[in-house]
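*Asks:* Please work out how this folds:
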Amino acid sequence: MKKVASVLVVLLVIAFLSLECLAGPKPTPGLPKVINIGTHRPGAFFNVVGTAVGTVVGKHTPMKTKVNPMGGPGAWMPMMVTGEIDLGVSNIWDAWQGYLGGEAYEKLSKGKGFSLRLVLTGICNDISIVAAGDSGIKTLRDLPGKRLAAGYTKVPSCHYQALAGLANVGLTIEAVKVVPVPSPGAGLRAVIEGKADAAGTATTGMPDVAELAAKRGAIMLGLDPSPEAEARAYKYWPCGWLNLIKGGIYPGVDVDTWLMRYEIYVLSRADLSDDAVYAIIKAMWDYNAELAPIHPKFKEWTPETYASRKLYCPYHPGSIKFLTEKGLWTPELEKRQKDLLAQKK
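*Replies:* Residues are numbered from 1 along each chain as shown. You can find the predicted model right below:
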């Protein structure tokens, strides 16, 4: 009888362990089972950034990840309110205005702004107005009277990029003949098709710039790096800085050229747990070497860049804890963090 009882106990233990195995590993306390990431549509660089984050985090944490391509921040920021999206990839301007509820995000957030927090900064973009090689435009000062694809009704941040480029040399939008377009891709398409002479903004490495270079020639117009000219540009795009790009690396940049650089942000909803955000930034830090093979530009995406150079959205406490441990949380970041948080009180 005792032997039968012993056998039954052993069988029950085996059955219990089998069920545990079938159920898979238990979720770690404080970590959600799935992290949903909002990005631009496939083909956009921001989608590549989101996919890279999802790949590293999904591989090296207990959390699964799902990349959700959509129309950009205007589509996924409201989904953070409902908890449908946990992370999102945005340029610095959209993060800033989305957080404050300014510009296009005022109506979208009912004037309150979205509860966004910065997890880490991504790779940077380098931008400027780009002209067709056969347009006769060689510098920004050649733009008056020319047809400029601009407006960017679906991407208001890009409108301000165009204004900054013009202001850099003392021009306004009234100096050019605006060809209204909804997005940067549409702007480049207008130039390629001969409907415009230049596009209000473009990024180094954009496939559309390479196509323009092949069909009409392309020139990314250099910015004036003098302090006075920089100050004029920063009135419209305060969240960037001038960066010298070496010639011969990207189509449209044949010689060393000053362009405007800005950070790409990986954002989270404010109520995502501290443990989850800490695990995300830690995985990105520990396995940073896995980013470079995903995209050539990711060679610049080193752990030290996770601390923002131009902070325009407050950090998540989980990231602050990690950056503090790594010695990257500075008094300047702490002050800027407090200033940003105070703007929403």
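*Asks:* all helices of this structure, in order?
*Replies:* Using DSSP state H, the helices of the chain run over residues 2-23, 45-60, 73-81, 92-100, 105-108, 156-168, 184-192, 207-215, 227-234, 274-286, 317-325, 331-342.
*Asks:* Please identify the deepest-packed of those.
*Replies:* helix 92-100 (a mean of 26; mean count of other C-beta atoms under 10 Å). (Glycine included, C-beta is placed from N, CA and C.)
*Asks:* thinking again about what came up before, with distance to Ile137 added, can I get the helices of the chain in TSV?
*Replies:* Shown next, in TSV, are the helices of the chain (distance: least, C-beta to C-beta, whole Å):
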stretch	distance to Ile137
helix 2-23	64
helix 45-60	25
helix 73-81	31
helix 92-100	25
helix 105-108	33
helix 156-168	12
helix 184-192	11
helix 207-215	13
helix 227-234	18
helix 274-286	40
helix 317-325	42
helix 331-342	38
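*Asks:* Distance to Ile264 and mean pLDDT added to those, as a markdown table?
*Replies:* Listed next are these as a markdown table, based on distance: least, C-beta to C-beta, whole Å; pLDDT from 0 to 100:
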| stretch | distance to Ile264 | mean pLDDT |
| --- | --- | --- |
| helix 2-23 | 38 | 38 |
| helix 45-60 | 6 | 95 |
| helix 73-81 | 11 | 94 |
| helix 92-100 | 7 | 96 |
| helix 105-108 | 18 | 92 |
| helix 156-168 | 12 | 95 |
| helix 184-192 | 14 | 93 |
| helix 207-215 | 18 | 93 |
| helix 227-234 | 19 | 97 |
| helix 274-286 | 13 | 98 |
| helix 317-325 | 15 | 98 |
| helix 331-342 | 18 | 98 |
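*Asks:* Between these, which one is closest to Ser308.
*Replies:* For Ser308, the closest of the helices of the chain is helix 331-342, at 7.2 Å, according to C-beta to C-beta.
*Asks:* can you state the direction angle for the closest one and helix 317-325?
*Replies:* 170 degrees (axes from the mean of the first three to the mean of the last three C-alpha atoms, to 10 degrees).
*Asks:* okay, the angle between helix 331-342 and helix 92-100?
*Replies:* Using the same axes, to 10 degrees: helix 331-342 against helix 92-100 is 50 degrees.
*Asks:* Helix 331-342: how far from the chain's middle?
*Replies:* 21 Å (C-alpha atoms, centre = their mean, to the nearest Å).
*Asks:* quick one: contacts of that helix?
*Replies:* With contact meaning C-beta atoms under 8 Å, 6 or more residues apart in numbering, helix 331-342 is reached by 99, 307-308, 311-315, 320, 323.
*Asks:* can I see the domain layout of the chain?
*Replies:* 34-123+263-342, 126-262 (automatic domain parsing).
*Asks:* any idea how far the first one is from the chain center?
*Replies:* Think domain 34-123+263-342. 8 Å.
*Asks:* Endpoints of it, how far apart?
*Replies:* 32 Å (C-alpha to C-alpha, to the nearest Å).
*Asks:* re earlier: so which of the helices of the chain is nearest Ile294?
*Replies:* helix 45-60 (4.9 Å).
*Asks:* any idea of the angle the closest one forms with helix 92-100?
*Replies:* Going by the same axes, to 10 degrees, helix 45-60 makes 70 degrees with helix 92-100.
*Asks:* you'd agree Leu171 is up against Gly145?
*Replies:* No - the pair Leu171 / Gly145 is not scored as a contact, 10.9 Å apart, by C-beta atoms under 8 Å.
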